[in-house]
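>>> Kindly return the folded structure for what I paste below:
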Amino acid sequence: MSSDGHPLRRPTAPTPRSGTRTVSLVLTVRPGDGDPGAALDRLLEQVPTGVQEVVLIGAPAPRGGKREGNGRMDVRRLGPWDATRGDIPHAALLAATGDLIVLMNADGSMSPHEIPHYLHCLDSGYDFVKGSRFIAGGDCADHPLSRRLGHRALLRVARRLYGQHLTDLWYGFCAFRRPFVELLDLHEDGVELGAELVAHALHYGLRVAEVPSLELPRRHGPSHLRTIRDGTRILGTLVDERPHNALSRLAHGPFRGPRGPRASRG
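Model (predicted):
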């Protein structure tokens with residue numbers, strides 16, 4: 001328990017250095033993407049040395065078993081997603097054994113080279129660290145104007161519902177401490193999964209940090225992005241997961257911040 005009495009927050013003092021804590025990387029392959037093959041091999045080669053375990057969900061297990069290694073980290077394959085079971089990302093997170101857990105896609109759009117930035121924030125006392133494509137140093141390869149406008153609108157809703165000023169709602173590259181996994185009650189497997197993770201972190205009052213992230217072109221599998229469908233699903237997730245005092249925030253004023261200089265850009 002932290003010095004302020006919050007059961008999930010770390011003390012404000014820095015956490016133990018990398019030699020005394022373990023890190024798990026959870027990689028997800030969406031249904032219909034097939035076996036990432038060579039793209040996954042290249043991705044695993046880029047995983048930094050601070051990661052001791054990789055949990056892969058969605059790709060077929062290789063011949064000879066579901067556990068393998070490359071000399072410096074253990075790679076565990078949980079097999080393909082089964083849509084009839086649901087809650088697959090949560091199962092993969094629960095299977096991870098590290099003190100710190102990093103979640104990212106295995107399609108090549110997220111770079112393992114950025115993982116140390118996430119771990120640095122966790123070691124510095126933050127509880128939940130998420131990537132942002134919309135702060136200095138971040139960018140995205142495929143984000144047309146329609147999606148940017150939709151994202152800005154959803155940000156305004158989220159700021160009223162949750163009272164927070166984040167810059168990227170649903171980007172799925174994030175990291176957190178293991179106790180947070182036990183509280184998750186994830187229901188979504190699609191683009192709104194990132195928004196659901198953020199909503200849970202805000203709901204439990206965790207210290208949330210954003211780090212710049214560069215979303216790269218996909219190297220494996222087709223794009224699943226649909227602007228109207230994705231926006232509707234994310235809005236539904238934000239409303240469903242809203243805190244109890246969200247309605248009072250909405251009633252307090254219109255969907256715009258106070259006049260004057262803006263604290264952050266969306």
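
>>> can you confirm Ser109 is in a helix?
No - with DSSP: H, G, I helix; E, B strand; the rest coil as the criterion, Ser109 is coil rather than part of a helix.

>>> so who does it touch?
Contacts for Ser109 (C-beta atoms under 8 Å, 6 or more residues apart in numbering) come out as 141, 215-219. For every residue, glycine as well, the C-beta is placed using N, CA and C.

>>> any idea which element Leu94 lies in?
Here Leu94, judged by DSSP states H and E, is contained in helix 88-95.

>>> Can you name every helix or strand that that helix contacts?
strand 23-28, strand 53-57, strand 100-105, helix 178-183 (3 or more C-beta pairs under 8 Å, 6 or more residues apart in numbering; DSSP states H and E).

>>> at 10 Å instead, please
Other helices and strands packing on helix 88-95, by 3 or more C-beta pairs under 10 Å, 6 or more residues apart in numbering; DSSP states H and E, are strand 23-28, strand 53-57, strand 100-105, helix 178-183, helix 192-203.

>>> ok, back up a step: reformat the contacts of Ser109 as a markdown table; add secondary structure and neighbour count.
A markdown table is the format used below for the contacts of Ser109 (DSSP: H, G, I helix; E, B strand; the rest coil; neighbours: other C-beta atoms under 10 Å):
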| residue | secondary structure | neighbour count |
| --- | --- | --- |
| Ala141 | coil | 11 |
| Glu215 | strand | 20 |
| Leu216 | coil | 15 |
| Pro217 | coil | 11 |
| Arg218 | coil | 19 |
| Arg219 | coil | 15 |
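
>>> and of the residues you listed, the nearest to Gly236?
Gly236 lies nearest to Glu215 out of these, by C-beta to C-beta, at 23.2 Å.

>>> if we can go back for a sec, dump the helices and strands packed on helix 88-95 to CSV, plus mean pLDDT and distance to Val157.
What follows is those, written out as CSV (pLDDT from 0 to 100; distance: least, C-beta to C-beta, whole Å):
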stretch, mean pLDDT, distance to Val157
strand 23-28, 93, 26
strand 53-57, 91, 30
strand 100-105, 93, 24
helix 178-183, 84, 24
helix 192-203, 79, 11
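
>>> For Glu241, find the nearest of those.
Across the helices and strands packed on helix 88-95, closest to Glu241 is helix 192-203 (C-beta to C-beta), at 3.7 Å.

>>> mind listing what's buried in that closest one?
Of all the residues in helix 192-203, those buried under the rule 16 or more other C-beta atoms under 10 Å are 192-202.

>>> element containing Gly205?
Counting by DSSP H and E, Gly205 is held by no secondary-structure element, helix or strand.

>>> Report how many residues lie close to it.
Residues near Gly205, counting by other C-beta atoms under 10 Å, number 14.

>>> if I look at it, how far off is Leu183?
Gly205 is 11 Å from Leu183, where distance means C-beta to C-beta, to the nearest Å.
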